[in-house]
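Peer 1: sequence and computational prediction follow.
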2 protein chains.
Amino acid sequence: MAPNRMRALAALLMFTGITAFTSTPAGGPMLGFTEEGAAAQRALEAQYDARLHADNLRRWMKRMSAKPHHVGAPYGKENAAFMLGLFREWGYDAEIVEYQVLFPTPKERVVELVAPTTYRAKLTEPELDEDATSKVHENRLPGYNAYSADGDLTAELVYVNYGIPEDYEALERMGVDVAGKIVIARYGRSWRGIKPKVAAEHGAVGCILYSDPREDGYFRGDVYPKGPYRMKYGVQRGSVADMPLFPGDPLTPGVGATAEARRLPREEAPTLMKIPVLPISYGDAQPLLEALGGPVAPPDFRGALPLTYHIGPGPAKVHLKLAFDWKLTPAYDVIARMPGTEEPDQWIVRGNHHDAWVFGAADPLSGMVALLEEARVVGELAKTGWRPRRTIVYAAWDAEEPGLLGSTEWAEDHAAELRQKAVAYINSDGNGRGFLGVGGSHTLEPFVNEIARAVVDPQTGVTVEERLRARLRTNGDEEADTRADLRIAPLGSGSDYTPFLQHLGIASLNIGYGGENGGGSYHSIFDSFDYYTRFGDPGFAYGVALAKTAGRATLRLANAEALPFTFSGFTDNVGRYVDEVEKLADDLREQTRRRNRLLEAQAYVLAADPKKPYVPPTAEPPVPHLNFAPLRNALDRLEASSRSFEHLRAAAPFLPAPRRRALDDVLMHIERVMTRDEGLPRRPWFKHHIYAPGFYTGYGVKTLPGVREAIEQRDWTEAEQQIHIAAATLDRIAAEIDRAVALMREAGTGD
Amino acid sequence: MAPNRMRALAALLMFTGITAFTSTPAGGPMLGFTEEGAAAQRALEAQYDARLHADNLRRWMKRMSAKPHHVGAPYGKENAAFMLGLFREWGYDAEIVEYQVLFPTPKERVVELVAPTTYRAKLTEPELDEDATSKVHENRLPGYNAYSADGDLTAELVYVNYGIPEDYEALERMGVDVAGKIVIARYGRSWRGIKPKVAAEHGAVGCILYSDPREDGYFRGDVYPKGPYRMKYGVQRGSVADMPLFPGDPLTPGVGATAEARRLPREEAPTLMKIPVLPISYGDAQPLLEALGGPVAPPDFRGALPLTYHIGPGPAKVHLKLAFDWKLTPAYDVIARMPGTEEPDQWIVRGNHHDAWVFGAADPLSGMVALLEEARVVGELAKTGWRPRRTIVYAAWDAEEPGLLGSTEWAEDHAAELRQKAVAYINSDGNGRGFLGVGGSHTLEPFVNEIARAVVDPQTGVTVEERLRARLRTNGDEEADTRADLRIAPLGSGSDYTPFLQHLGIASLNIGYGGENGGGSYHSIFDSFDYYTRFGDPGFAYGVALAKTAGRATLRLANAEALPFTFSGFTDNVGRYVDEVEKLADDLREQTRRRNRLLEAQAYVLAADPKKPYVPPTAEPPVPHLNFAPLRNALDRLEASSRSFEHLRAAAPFLPAPRRRALDDVLMHIERVMTRDEGLPRRPWFKHHIYAPGFYTGYGVKTLPGVREAIEQRDWTEAEQQIHIAAATLDRIAAEIDRAVALMREAGTGD
């Protein structure tokens, strides 16, 4: 599910303080390690690096991407068994954990234009001589959106741009209503599942998604097989479950989908899409869009097809027929453990999914094979005598593509144990040539930066941190000129960290490389070994870089003498989020005020072309001033606590051994207090109050989500409530940091 | 030459002070008139309005657009004779003034792709049943660029985006050199003549211009004849003379191109283009662009054709062959005078051109027929006994399209008389449905605003000022919420005001309506009566609105008891320009500093994709701090003078009759002191030091051009010199205002 997300993360990454690091990794202090500990760790990492082999990545990718391996595919099970064998061979305590999940697959798919002209959509991706697996048809899933409703309907078509809420506002201005219509939306600007959800909210009866060449085709660059971009008949598959409500098996929210789990009846499962939805290629979309009449689409609705984009409704009329096989399917998670010598009950969980939409060379195998190589070498090192202080758990998740099912069910199934034992979850997914991208818990920001300054970029020879900083700086990010640390991006959703971070409150990281690896194969049959080895990461150098990066994260967390969580970067980032939500309310107030003034002056109607339909917006009640003081006060307390912590840590970084465990225990659970049992309004599964995927963005993160989304939805009562809740959350974090401070103080006074 | 320019002006228009005017024209004070004078003027304007008939506009447009009427075409001469007859019939002292101008027309035009595939460009626009004159072939000029060089060459092709200087910087970053190549550039972002000029400066040997559907075709809306936008084979003709050097006949700079004028030998004429250049349609451009290899074009280079834009050079190789008939051609200006009763030597000149590239219904006839109707009614009013206090001169210019030849030669020919007698020049050109657009001398800003508050918009019933204000406000211009007056846009070039304003220093206005009139017929054969009456201004209501607006400007200037020039709006605008040039230097300093720092850190090279050619920019010397104090001090003096003037004018607006003439004489010459005999650096013909067309923008205005362009070109010595010159110019303006103030003071003390 990852490549687009990966690029977005890389783009979001930003830096923190002083500049000019050496371009080659160096010694010096290492977070969580004494001087001797750091030296030993560096020696271990040198051995680790030396044992990584790109050839393994290539070999495993070629093998695992040879046939379709979606959840339920025979080859998916075969891949799981293959990995189980590898883990065991490498010395891990490995098992396959099976869940039974709802996974519909298509029985019938029809999209046809029935008026004013006719066209029957091909709905197939062509065979290409340059792409060997494009000729493998057995067990292949065609283009479809998992968890679409069944349906057979004929209705007028309306083009809704990206199909996000602001597009429907633009349609209202043009007097266009989608009730009873089939909408066609282009991919982009939001996670796909939002599009049919918002369409259904507006009364649409069906939804067609397509990849416009503007975002995903010839506009971007040469198309496959000449170049890496999406070709005329390439289709983006993907889930449309309402994941912002909860991810995972739609029938077993909150609990593991074991064979005996209690299941919702399908008709009551709230994340299933209410209307039929199907993704098509731009080759198939063009005749439909050409047949639309009605107003000319506004400039930001226009894509790169050679036509004048119109809105409709009609005269284009479309017949959409979809039928699915709504079966339960076994999902196979592969879980491999290496117990810690000193802290077996402190777990570092490191995962990547193994299921794909079709062949999935990039998504997920490019990350999966890096994880395998990491595990192989860690296993090898363990055979040389070294053992981790803490337990390492490697996971290969099944069924990520339909909605993070393998990881979510396992996390739900082991919730109590994970809440108690997990130190951190480290995720990867698709990977490719380019720049480091890291998202995650801000308490790990300095930790990640140290690692980024210890890994060398395969193409330029400088550290991956320096290369990324160069890109940020040349892209105009002036903070990157001076801030010492990378800002790591807050996490929304889109890969398997979500159940760990947002449901269980486990500090998480999502790590990958990308940005120079094309990007037109996403969720199509052309995400293949042939594509990947031409455009993704031909020499697997960035696969090795990922193994070095994620491997360091795993090994340092596993070996640290004191857990490397810190709070000044966290507090700095949260302070920005507080500024943002306050500004959001202020901006909304000013916009509302001005819009109401313009409405009073009839300015919108006067400015509109009288020859075109135009409906002015309606006046909104004024935006009240909200009381942000509780949040500001809590932030001040958090800053004070975090300053005390950093101060003591700088003065005496390591407690005497007996207290270390107590301090670690406090630190590893601090992310837990960022969650609340009742979760977020209207979606109790999402418990984290600092990071959540947006209710109307899907993958896109909303920080301080309770406060931010209440303001965005203009619910002032809820906004005031959520400000108090967010303040209480910050206070709980501060209190936990104060506990850590107390432990350190006691130690300092020789207690 | 006007439609695009008109829209640009409308977009630039902005407002000045208090809001909420009544939406219907009202009485009250009128600039330059006593209370009784204003009442009489309003009564006259009511009569004037009542006599305007849309049918005349339609009839004249249909007649005058029936055949091609470019300069030198038999029908152009016929149109001139027709108008001469009308003016005389209406009681004017009218004449045709003839000049002999260089006007090359094509003898041979070939564009063909010769490798790696072959394609011969059609270079013709099709006949359409929906467009009657598309079937008129006799005397029609095909698609070409006037003043292109002759040539016959075959070379590799390079795509240079808009072909402006910043595009060549982007090409340098990709390691692409155009020396010895033929470049292909899309229209847009700059006046067309800049593109081959910049190409030649970079060593290109030929240039092809084309209309990309992104700016000018199906991306914008439905194409002709279904909609108003440019169809696949529509071609934009136009001049490529180096007009920023000087407009008018290339062989007679600075003097009228009379039969006996001394002419430069053609090979010494500096405004002739040095390389062959030809405009083509996007239908013809597509095969050429498809044949390009080399790097993928960066995002802002990409248009709306269904292909991946590449840069080249090659493998596309193009044969370009152009031969022209370099003949002298007679140009026929029609000049009609109505002498003033009291001030016959104070002239209000009101002009529009009559020549077209082909049929020219919109450009120029939509403006021309409004001027004719204005003149007809003014003639009628004169027959009822009213006569203007000042002389009105109506002008129908020939040969505007190849480079403002008719107006420029007449202005040069009558320079001394015009400098002495002209109060103002009022221009129009293409006109259409939509919003008022006014550009011009800021000393006329309040005058224009009064008129805009006196003319009712035909579609909405509010004043054209209120409608435009509504658009500005809804487009986010917050100044328009409160500023009492429209900011009128400063004038660059693009129509016949240039010789009056920028060469002679005559206060000028350019007036037109547009923005809802499509825009894909510009300079093609489809700028026809059929097009215009479907998409331009079907009922000629905006033609009548133009006649009301420009007619009021003419009549009020002609009748005013005191000339309505004011200086606070002027000073406010100039203050903004001073802020802008200072900020320009500051921004350039900061950008240079940062870029040099990033170069030192190798950030550009590290951020670039190592698999693609990349050449980092070179370091620039630091930008010094310039001494803007002289300009700031001059601005302060100007503000003081202008405050005194407004103060006295408010206290006692009208001098006793004997002093009025002296005051008028000062006021009408104040624009003259904004010019300097030596003109601007490297282009002495352009004498105005507040407004000029940009040396590298062509039509686009540069305010405080001497200072601004020196900074843009990083010539710090010249920038310091030009700051002193601009300060001296402001001082001269202040001194003239002080003379006016002294006259008013003397009158006030009863002298």
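Peer 2: Yep, it's here. Numbers count the residues shown, from 1 in each chain, chains lettered A, B, ... in the order given.
Peer 1: what about the residue lying closest to residue A:232 once chain neighbours are set aside, how many residues nearby?
Peer 2: Closest residue to residue A:232 apart from its sequence neighbours, by Cβ to Cβ, 6 or more residues apart in numbering or on different chains: residue A:283 at 3.9 Å. (Each C-beta comes from the backbone N, C-alpha and C, glycine too.) Residues within reach of residue A:283, counting by other Cβ atoms under 10 Å in any protein chain shown, total 21.
Peer 1: and the closest residue to chain B within the stretch 201-350 of chain A, how far from residue B:221?
Peer 2: Closest residue of the stretch 201-350 of chain A to chain B, Cβ to the nearest Cβ: residue A:306 (4.1 Å). Note on residue A:306: its distance to residue B:221, by Cβ to Cβ, to the nearest Å, is 14 Å.
Peer 1: which one's more surrounded, those two?
Peer 2: When residue A:306 and residue B:221 are compared for neighbours, residue B:221 comes out ahead with 21 against 18, by other Cβ under 10 Å.
Peer 1: on the three-state scheme, the residue of the stretch 201-350 of chain A closest to chain B is what?
Peer 2: coil (DSSP: H, G, I helix; E, B strand; the rest coil).
Peer 1: which residues does the closest residue in space to it that isn't next to it in sequence contact?
Peer 2: Leaving aside its chain neighbours, residue A:306 sits nearest to residue B:306 (4.1 Å; criterion: Cβ to Cβ, 6+ apart). Residues near residue B:306 by Cβ atoms under 8 Å, 6 or more residues apart in numbering or on different chains: A:213, A:218, A:304, A:305, A:306.
Peer 1: by neighbour count, which of those residues wins?
Peer 2: Going by other Cβ under 10 Å, residue A:213 tops the contacts of residue B:306 with 28 neighbours.
Peer 1: ok, now which ones touch that residue?
Peer 2: A:219, A:220, A:230, A:282, A:303, A:304, A:305, B:306.
Peer 1: can you give me phi and psi for the last one?
Peer 2: If I follow you right, that is residue B:306. Backbone torsions of residue B:306, given as degrees, to the nearest 10, read phi -80, psi 70.
Peer 1: which SSE is immediately downstream of the helix or strand of chain A with the lowest mean pLDDT?
Peer 2: One helix or strand of chain A scores below all others by mean pLDDT, DSSP states H and E: strand A:14-16, with a mean of 34. Beyond strand A:14-16 in the direction of the C-terminus, DSSP states H and E gives the next helix or strand as helix A:35-51.
Peer 1: residues contacting stretch A:77-86, please?
Peer 2: A:63-64, A:69, A:94-96, A:330, A:332-334, A:336, A:354, A:372, A:375-376, A:396, A:398.
Peer 1: mind listing what's buried along it?
Peer 2: A:77, A:78, A:79, A:80, A:82, A:83, A:84, A:86 (16 or more other Cβ atoms under 10 Å in any protein chain shown).
Peer 1: what pLDDT is listed against residue A:220?
Peer 2: pLDDT for residue A:220: 97.
Peer 1: what pLDDT does the nearest residue to it once chain neighbours are set aside get?
Peer 2: Distance criterion Cβ to Cβ, 6+ apart; nearest residue to residue A:220, sequence neighbours excluded, is residue A:229 at 4.8 Å. Here the pLDDT value assigned to residue A:229 is 98.
Peer 1: residue A:229 contacts residue A:522, doesn't it?
Peer 2: No: checked against Cβ atoms under 8 Å, the pair residue A:229 and residue A:522 is beyond contact range at 10.5 Å.
Peer 1: list residues touching both of the two?
Peer 2: Joint contacts of residue A:229 and residue A:522 (Cβ under 8 Å, 6+ apart) are residue A:216.
Peer 1: tell me the one of the contacts of residue B:306 nearest residue A:542?
Peer 2: Ranked by distance to residue A:542 (Cβ to Cβ), these are led by residue A:218 at 25.8 Å.
Peer 1: now name the helix or strand holding the closest one.
Peer 2: Going by DSSP H and E, residue A:218 is not part of any helix or strand.
Peer 1: might you report the residue contacts of the closest residue in space to it that isn't next to it in sequence?
Peer 2: In this structure, residue A:218 finds its nearest non-sequential neighbour in residue B:308, 4.8 Å apart by Cβ to Cβ, 6+ apart. With contact set as Cβ under 8 Å, 6+ apart, residue B:308 has these partners: A:218, A:219, A:220, A:221, A:222, A:223, A:227, A:229, B:296.
Peer 1: what does stretch A:660-668 contact?
Peer 2: By Cβ under 8 Å, 6+ apart, the residues outside stretch A:660-668 that reach it are A:343, A:346, A:422-424, A:507, A:561-563, A:565, A:654-655, A:736, A:739-740, A:743-744.
Peer 1: phi, psi for the spatially most central residue of chain A please.
Peer 2: Centroid-nearest residue in chain A: residue A:494, 2.8 Å away (criterion: Cα atoms, centre = their mean). Per-residue torsions, residue A:494: phi 120, psi -10 (degrees, to the nearest 10).
Peer 1: that one and residue A:699 touch, don't they?
Peer 2: Yes: Residue A:494 is within contact range of residue A:699, at 4.0 Å (criterion: Cβ under 8 Å).
Peer 1: tally of neighbours for residue A:70?
Peer 2: Residues near residue A:70, counting by other Cβ under 10 Å, number 25.
Peer 1: wait, is it part of a helix?
Peer 2: No: in this structure, residue A:70 is coil, not part of a helix, as judged by three-state DSSP.
Peer 1: please parse chain A into its domains.
Peer 2: A:3-101+A:343-559, A:105-326, A:568-748 (automatic domain parsing).
Peer 1: what's the neighbour count on residue A:522?
Peer 2: 24.
Peer 1: same check on residue A:355?
Peer 2: Residue A:355: 30 neighbours (other Cβ under 10 Å).
Peer 1: near chain B, which residues of the stretch 601-750 of chain A show up?
Peer 2: Residues of the stretch 601-750 of chain A lying close to chain B (Cβ under 8 Å from any Cβ of the partner chain) are A:601, A:602, A:603, A:604, A:605, A:606, A:607, A:609, A:610, A:611.
Peer 1: the last one against residue B:516, yeah?
Peer 2: Yes: counting by Cβ under 8 Å, residue A:611 sits close enough to residue B:516 to count as a contact (7.2 Å).
Peer 1: compare those two (neighbour count), which wins?
Peer 2: Neighbour totals were compared for residue A:611 and residue B:516, and residue B:516 leads with 23 against 10 (other Cβ under 10 Å).
Peer 1: with adjacent residues omitted, what lies nearest to the more buried one?
Peer 2: Closest to residue B:516 by Cβ to Cβ, 6+ apart is residue B:434, at 3.7 Å.
Peer 1: partner residues bridging that neighbour?
Peer 2: The partner list for residue B:434 in beta bridges (DSSP bridges) reads residue B:515.
Peer 1: what's the burial count for it?
Peer 2: 25.
Peer 1: ok, back up a step: what is the nearest of the contacts of residue B:306 to residue B:316?
Peer 2: Of the contacts of residue B:306, the one sitting nearest to residue B:316 (Cβ to Cβ) turns out to be residue A:218, at 17.3 Å.
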